[in-house]
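K.L.:
show me how the following folds:
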Amino acid sequence: MKISTRGRYAIEAVIDLAIFSGNDHESLHNIAERRKISENYLEQIFIDLRRNGIVKSIRGAHGGYVLARDAGKITCGDIIRSTEKKFSPVDCIAEGKNRKDCSRFELCPTRMLWEKMRDSINEVADSVTVNELLENLYEKKDDKQIEYYI
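P.N.:
Next comes the predicted model:
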């Protein structure tokens with residue numbers, strides 16, 4: 001299974017929003033500029049994120065976006081499922097309307113493998129929060145700082 005650029009950019013944009021919005025909102029233009037992502041593409045991604053309760057939009061001339069809930073309560077699984085059409089290794093076990101019926105579904109010898117893969121992927125994605133990614137980022141930045149002594 002491969003996560004599309006849409007899913008990857010969504011995670012990056014939500015992390016960016018968590019870093020730069022603070023108690024205020026942040027514009028798509030600023031996020032797009034910092035992340036080097038097309039603003040139009042980001043707009044489409046944020047429609048899905050808003051629809052799925054990941055971000056909230058602030059209307060007006062100086063509008064933008066904020067996280068809809070605390071970064072510690074938003075998982076990578078939430079974000080990916082908001083933007084990816086399917087989040088399973090094969091179509092026959094996809095969830096919801098993305099599932100495609102297969103005439104061999106009941107007798108499929110490999111279905112158990114695909115279901116275990118899907119469940120494992122979801123479990124890992126749901127175990128990592130935006131806050132954990134931020135903490136990891138800050139730890140890496142701290143590790144890179146060089147100290148000079150005279």
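K.L.:
for this structure, what spans make up the strands?
P.N.:
55-58, 64-67 (DSSP state E).
K.L.:
show me what the least confident helix or strand in the chain by mean pLDDT is packed up against.
P.N.:
When each helix and strand of the chain is scored by mean pLDDT, DSSP states H and E, helix 130-144 comes last, with a mean of 83. When contacts are defined as 3 or more Cβ pairs under 8 Å, 6 or more residues apart in numbering; DSSP states H and E, helix 130-144 packs onto helix 5-21, helix 76-83. Any C-beta I mention is one placed from the backbone N, CA and C, and that applies to glycine too.
K.L.:
in CSV: those helices, plus mean neighbour count, mean pLDDT and distance to Val124.
P.N.:
Shown next, in CSV, are the helices and strands packed on helix 130-144 (neighbours: other Cβ atoms under 10 Å; pLDDT from 0 to 100; distance: least, Cβ to Cβ, whole Å):
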stretch, mean neighbour count, mean pLDDT, distance to Val124
helix 5-21, 20, 94, 13
helix 76-83, 22, 95, 8
